[in-house]
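Participant: here's a sequence, model it:
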Amino acid sequence: MPDEILLERLTWPEIQEALKEGYDTVVLFAGSIEQHGPHLPLCTDTVLGYELAERVARKMGKALVAPVIRPGLSEHHMAFKGTITLSRETFQSTVRDYVKSLARHGFKRLAITFSHGGNAGALNEILPQLANEFPEVEILAVTDIEAHAPFLRRQASMKARQAFTQENSRPQPCWLMTRTWCAGISWPRDLPETSAKTAKP
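Facilitator: Residues are numbered from 1 along each chain as shown. You can find the predicted model right below:
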């Protein structure tokens with residue numbers, strides 16, 4: 001596996017070559033630009049998203065990392081200066097355009113999740129639509145991951161662990177999610193199984 005797997009740090013010929021070599025999976029996290037207390041920067045969820053996305057991609061193998069989506073849905077933090085929020089429609093359109101762009105380039109599998117809990121509902125809502133709109137792409141999704149928290153704490157770097165531990169002065173998951181399944185959507189089997197209940201339409 002190459003040292004660099006972040007799409008934004010690669011040239012287009014490098015990405016073209018990666019696709020030829022079977023790197024047809026992309027990991028996509030949705031983060032935020034919002035307050036995280038008086039001691040952490042607004043980019044905390046975005047930093048966590050990149051850290052976790054890279055570790056998930058390397059665990060999956062032959063996977064690249066898309067730019068973390070940010071800003072996200074942070075209306076509930078707008079009382080804190082500097083927070084930037086998107087409308088639900090803009091956020092969902094952005095996710096759709098990410099998938100559309102990556103599908104056009106020939107990527108066959110997208111693993112989508114989030115590092116900011118405020119994005120969960122909007123992602124949940126749009127994922128079945130994406131599965132129907134892009135049948136040529138296998139969409140893997142975790143939209144509620146409370147059961148994955150121990151795995152994430154093990155896999156995140158010390159810097160990332162420190163960021164979400166300090167936020168409330170005690171260890172806790174960076175986001176709260178439940179694993180959901182819909183048409184064409186699941187989470188890769190090579191990642192830890194969750195005890196959360198699953199539902200299929």
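Participant: could you look up the SS state of the spatially most central residue of the chain?
Facilitator: Closest residue to the average C-alpha location of the chain: F29 at 1.8 Å, with C-alpha atoms, centre = their mean. Of the three states, F29 takes strand under DSSP: H, G, I helix; E, B strand; the rest coil.
Participant: that one contacts R55, doesn't it?
Facilitator: No: counting by C-beta atoms under 8 Å, R55 is not a contact partner of F29; they are 11.0 Å apart. Where C-beta positions appear, they are placed from N, C-alpha and C, glycine not excepted.
Participant: list the contacts of the nearest residue to T94 once chain neighbours are set aside.
Facilitator: Spatially, and ignoring its direct neighbours in sequence, T94 is nearest to I69 (5.9 Å; C-beta to C-beta, 6 or more residues apart in numbering). Contacts of I69 were listed using C-beta atoms under 8 Å, 6 or more residues apart in numbering, and they are 28-31, 91, 94-95, 98, 119.
Participant: so for I69, what's the pLDDT?
Facilitator: I69 is assigned 96 on the pLDDT scale.
Participant: repeat for M78
Facilitator: In this model, M78 carries a pLDDT of 94.
Participant: can you count the residues close to it?
Facilitator: As a burial measure, M78 scores 13 neighbours (other C-beta atoms under 10 Å).
Participant: for P38, see how far away the residue nearest to the centre of the chain is.
Facilitator: Remark: distance between F29 and P38 (C-beta to C-beta, to the nearest Å) = 25 Å.
Participant: that's a strand at A111, yeah?
Facilitator: Yes: assessed with three-state DSSP, A111 lies in a strand.
Participant: got a list of what it touches?
Facilitator: For A111, the contacting residues are 25-28, 56-57, 60, 63, 140-141, 187-188, by C-beta under 8 Å, 6+ apart.
Participant: of the residues you listed, which is the nearest to F80?
Facilitator: Nearest to F80 out of those is L28 (C-beta to C-beta; 26.2 Å).
Participant: do you know how far the nearest residue to that closest one once chain neighbours are set aside is from K59?
Facilitator: Nearest residue to L28 in three dimensions, chain neighbours excluded: A66, at 4.4 Å (C-beta to C-beta, 6+ apart). As judged by C-beta to C-beta, A66 and K59 stand 16 Å apart.
Participant: give me the more crowded residue out of the two.
Facilitator: Comparing A66 with K59 by neighbour count (other C-beta under 10 Å), the higher total belongs to A66, at 22 against 15.
Participant: the more buried one and A30: what is the separation?
Facilitator: Counting by C-beta to C-beta - A66 and A30 are separated by 10 Å.
Participant: got it, and S101?
Facilitator: Using C-beta to C-beta, S101 is found at 15 Å from A30.
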